[in-house]
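Novice: Sequence first, predicted coordinates after that:
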Amino acid sequence: MVLDKGDVAKIAHLARLAVGDDELEHYASELSSILDLVAQMNGIDTAGVEPMAHPLHMAQRLRADQVSEPDQRQHFQRIAPVVQDGLYLVPRVIE
């Protein structure tokens, strides 16, 4: 797929990118080569290829799911500056 300077200018406008007129030809060439690579990859027959999530067949070592700290919720609720209905109240940050 071949992109021209007009296509790149439109893409840059939609993406809210400032691209100078002197750079449009360069980006048109680069984006066209990327799209050609994608088209080439789409043309490859992958019917017999098994999908994989990771190239290495490894299992994640997980730790045992055990409580390691005591429940101190009541203690922290008592020392908090402002608490209401079990929730910590903080100053509003966003208007």
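Specialist: Thanks, I have the structure now.
Novice: For this structure, give the helix that spans the most residues.
Specialist: helix 24-42 (DSSP state H).
Novice: Tell me which stretches of this structure form strands.
Specialist: Secondary structure of the chain (DSSP state E): strands at 83-84, 87-88.
Novice: now for these, which one comes closest to V2?
Specialist: For V2, the closest of those is strand 87-88, at 57.9 Å, according to C-beta to C-beta. Just so you know, the C-beta spots here come from the backbone N, C-alpha and C atoms, and that holds for glycine as well.
Novice: Check what contacts that closest one and list those residues.
Specialist: Residues outside strand 87-88 that contact it (C-beta atoms under 8 Å, 6 or more residues apart in numbering) are Q77, A80, V82.
Novice: Okay, now the unreliable bits of the protein?
Specialist: Applying pLDDT under 70 to the chain flags no residue at all.
Novice: and A64, how many neighbours does it have?
Specialist: A64 has 5 neighbouring residues, counting by other C-beta atoms under 10 Å.
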